[in-house]
Each structure stands twice: as structure tokens, then as C-alpha cells.
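Undergrad: fold the stuff below for me.
(chains A and B)
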There are 2 protein chains.
Amino acid sequence: MSYELEQDATEALKRAFRLHASGVSVITMLGEKNSPVGFTATSMTSLGATPPLASFNVARGSSTWPALDKAEYVAIHTLSQQNLALAQKMAADHTKRFLDDDWTPGPYGLPIFKDATAVVIAKVREKHSVELNAVVIVDVIEGLIGQEVAALIYHGRQYKAVGQSLL
Amino acid sequence: MSYELEQDATEALKRAFRLHASGVSVITMLGEKNSPVGFTATSMTSLGATPPLASFNVARGSSTWPALDKAEYVAIHTLSQQNLALAQKMAADHTKRFLDDDWTPGPYGLPIFKDATAVVIAKVREKHSVELNAVVIVDVIEGLIGQEVAALIYHGRQYKAVGQSLL
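TA: The predicted structure is shown next:
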């Protein structure tokens, strides 16, 4: 083996995850007075198909947490490389995320952005607090299926496109 | 919006996740009589940096679950496109996953495969059962940092390489 030992646990996590790729999604919900709230997530993943479940992780210190902690429903947008600007906007200043004309109210009043590859409408089932973070588990209710475009990837602190098939 | 409504919840999950990309990792542990056990995961993700935490999801009906349910430590290997064969092997027949000469015992006796981009050594902290599945949360202890090679992606039921940067 030609591995370098990194004994600092936080550095080990950071260095390893810089080498790991993640899909990118945008998760939206309704906040106080039914205001639109949302954020870019790189932790969203399937938890099972029978019944259909998904999970994602969030920092409880984030601007989205107060709304998420009370949210009954969420809309999970799976993103393509054509959604780069949306991914960037939803990870930047939270007061500017819903100023543009790129979303509309959808099922359960949830903010739905145009042009995602799909939008999963889901009901919040469980939240588990872990230190300063939470794992959120949702039941999938239905989906809005869009166009198939190469998925957006976050890798090495950069947004990237999916590359060629290896098979 | 030009979305097609998919009202079947399981179909909605499947169709959306075919459009979503995931990074690929291999997670190993010790099973009965200290035998090596492991599997390919597409759900492994960071949960927080302070303290350093990661999470992954697993079916409790999987061949790995009996060992994982008792495991104290796990080794999380982040994979590159050069690890395609390893990803395939660790998702196939569980009796043939450790027959080759591509791994060696490492910290805490954990099976460590050669040539991953990194290996995160972690301690199992919490497991949450959700229907037939479990969310596993681990504390990162240290890391083995390998070579930087383009990460392996799972997308549209195929293994793919990371593509070009969009920035």
C-alpha cells in the first residue's frame, strides 16, 4: 500500500471527501408565512425502494434549518450540468435564492424550480440530530420527471459534469 | 415547467435516482471470527466536520448487515475510475469479495484494499433502522490518503468517470 497516514480526524475527513464525488440536488420547502426556503445539498441519497425513502444531511446551524425542522414536505430537485447556476445560487446568500422567475409553487405549495432533471416530492418522516448536524429521512410521495441531461457532480471543491461510461 | 407527473412513489424514486449521480465507495469491516466483510456503497456522504462524521445507508437484508450490525470499526474506501473492478466485485457474489491479493489487514484489523484514493478509518456511532434499511453514522478516526485520480461515479445504472470542471 502506498497510503499516507493522516492522523488528524478532521483533516482525514476533508482530504478524503475532496477525492470523493457527490451528486448535487436542491431541496426546497415552505418556511415561516409560507415563504420559500431551500439549499443545495451534496448528501442526498436513496435509502430504500420498498417503501421509497431518501435521506440527506444538514447542519443545524444553517439558514435553512429552522424551516426544515418544522417542514412537513420537501421538494428534492436532482440537478444536471445545465443547473450549475441554480446549484451556486442555492448555496450562496440565502436572502437571494428565490428572487428570480425560475420557480413556481407546486404540490403542497412547495417551491419547484424549472429545468431540474427530476423533482421528488417527499414527506419528512424522521430527523436524527448528531452533534451540530441532522440526518433527515423522507418518504417519497410522487415525482416530477424532467429531461435526461448529464448529472451535476461536486468533486474536489468544483462543480463538474459526469464523464463517459466505463462499461 | 415541462415535468411529467409520476404518481407511483416507488417509480418516482427509481426514475429520479437514475438521473442523479453518486460517488462510489467500498466499506469494509470484520465479521464473525474476524473474517473480512464489505460492500460497495453509493450512499456514503459527509455529515459534518466538527467533529468529523460520515453516514451511509444499507439494506438490513443485505449479506453485510449481520457483520455491520455488530461492527465497531469500518474502513471507508473512496474510489476512482481505476477502481471499477473493485466496485463491481464488492457489489457481486459476497463469497468472492476477498479471494484476491488486493487487500491487507490495516488499523483495527480492518481489511484495506490497495489503490483507493483514500481510506477513512471510522468508529460506528449510531444506527437507525428505517423500514428494511438502516442509516449508519460513524465518527472519523484517521485517514489513509492515496493518489488523486478522477473519482468513480454511478449514474443511470452505469459506472462513469468524473468529467470536466464546469468552472
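Undergrad: middle-most residue in chain A, spatially?
TA: The centroid of chain A falls nearest to A:A41 when counting by Cα atoms, centre = their mean (2.8 Å).
Undergrad: how about the contacts made by it?
TA: Counting by Cβ atoms under 8 Å, 6 or more residues apart in numbering or on different chains, A:A41 makes contact with A:V24, A:S25, A:V26, A:I27, A:F56, A:N57, A:V58. Heads up, the C-betas are built off the backbone N, CA and C, glycines and all.
Undergrad: also near chain B: which of these, exactly?
TA: The subset of those within reach of chain B, by Cβ under 8 Å from any Cβ of the partner chain, is A:V24, A:S25, A:N57.
Undergrad: next step: the residues you listed restricted to helices.
TA: Taking DSSP state H, every one of the ones next to chain B among the contacts of A:A41 sits outside helices.
Undergrad: please identify which of those residues is nearest to chain B.
TA: A:N57 (4.8 Å; Cβ to the nearest Cβ).
Undergrad: helices of chain A, start to end?
TA: Using DSSP H, the helices of chain A run over A:9-19, A:65-70, A:84-89.
Undergrad: relative to B:K96, which of these is closest?
TA: Closest approach to B:K96 among those is made by helix A:9-19 (26.8 Å; Cβ to Cβ).
Undergrad: so is the closest one next to chain B?
TA: Yes: using Cβ under 8 Å from any Cβ, helix A:9-19 reaches chain B at A:A9, A:T10, A:E11, A:A12, A:L13, A:K14, A:R15, A:A16, A:F17, A:L19.
Undergrad: quickly name whichever of those is closest to B:V37.
TA: Distance to B:V37 across these (Cβ to Cβ) is lowest for A:A16, with 20.8 Å.
Undergrad: which one of the helices of chain A is the most hemmed in?
TA: A comparison of those by mean neighbour count, using mean count of other Cβ atoms under 10 Å in any protein chain shown, puts helix A:9-19 on top with a mean of 21.
Undergrad: what does that helix contact?
TA: Counting by Cβ under 8 Å, 6+ apart, A:6, A:156-157, B:46, B:49-54, B:76, B:78, B:80, B:117-121, B:139-143, B:145-146, B:148, B:151 sit against helix A:9-19.
Undergrad: just the ones in strands from these, please.
TA: Among these, DSSP state E puts A:6, B:46, B:49, B:52-54, B:76, B:78, B:118-121, B:139-143, B:145 in strands.
Undergrad: before we move on, the earlier item: can I get the ones next to chain B among the contacts of A:A41 in CSV including distance to A:A91?
TA: Formatted as CSV, those follow (distance: Cβ to Cβ, whole Å):
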residue, distance to A:A91
A:V24, 9
A:S25, 11
A:N57, 15
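Undergrad: ok, A:M90 touching A:F39?
TA: Yes: at 5.7 Å, A:M90 and A:F39 qualify as touching, with contact defined as Cβ atoms under 8 Å.
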